[in-house]
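*Asks:* coords please:
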Amino acid sequence: QATQFSTVALQAWTKLAQLGAFVLIHPRLGPFADVGAVEYAGSMGWSSTPYFWLMFGTIVFNALCPPILLAQRNKWLSRDSVLFLDAALDVVYSVGFFCVMVQNALFGVALPTGPIEVASLFMPVSHIVFVCR
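*Replies:* Okay, here's the model as predicted:
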């Protein structure tokens, strides 16, 4: 549970704040070829808010669901399903955030250099490796 809590807290602290700022600055998105050349507004492109709400929902779901599943009496629900769920949510944390940032040419955010940001990038990946062992 300690790694679960630290993963959720780290993702909320680093990636949720960055996605919130990204959605605030770029409310509409277009294709990769237009990055830096065209700023979409009005009804052009697609909305960037689902990226933020997907990450927010994943963080809330990851904070609430494993403790509920671990309290179940059924062996599959209390052990195996928690592993699959945890690995899937960690994939959303790491791959989802990385793809959104790279798609919008924010390579400095996708591949950070600060210690906390690097930990928030690699902690879900290492968690997936240890869960799937």
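*Asks:* So which residues of this protein form helices?
*Replies:* Per DSSP state H, the chain carries helices over the ranges 2-25, 49-70, 75, 81-91, 97-103, 107-110, 115-131.
*Asks:* Centroid-nearest residue for the protein?
*Replies:* Geometric centre of the chain, nearest residue: residue 93, 2.6 Å, by Cα atoms, centre = their mean.
*Asks:* okay, and the helix or strand of this protein with the least pLDDT?
*Replies:* Within the chain, no helix or strand scores below strand 28-29, which has a mean of 76 by mean pLDDT, DSSP states H and E.
*Asks:* now what about it, what contacts it?
*Replies:* 40, 41, 42, 44, 45, 46, 47, 48, 104 (Cβ atoms under 8 Å, 6 or more residues apart in numbering). For the C-beta atoms, the positions are set from N, CA and C on the backbone; glycine is no exception.
*Asks:* please redo it, this time with the cut-off set to 10 Å
*Replies:* 22-23, 35, 39-49, 51, 100, 103-104 (Cβ atoms under 10 Å, 6 or more residues apart in numbering).
*Asks:* From those, list the buried ones, please.
*Replies:* Neighbour counting with 16 or more other Cβ atoms under 10 Å marks 22, 23, 40, 45, 48, 51, 100, 104 as buried within these.
*Asks:* Tabulate those (TSV), appending pLDDT and distance to residue 8.
*Replies:* Listed next are the buried ones among the contacts of strand 28-29 as TSV, based on pLDDT from 0 to 100; distance: Cβ to Cβ, whole Å:
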residue	pLDDT	distance to residue 8
22	82	20
23	82	20
40	71	32
45	72	31
48	80	23
51	84	18
100	82	19
104	78	25
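*Asks:* Would you mind giving those as CSV with distance to residue 74 added?
*Replies:* CSV is the format used below for those (distance: Cβ to Cβ, whole Å):
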residue, distance to residue 74
22, 40
23, 39
40, 48
45, 45
48, 40
51, 34
100, 36
104, 42
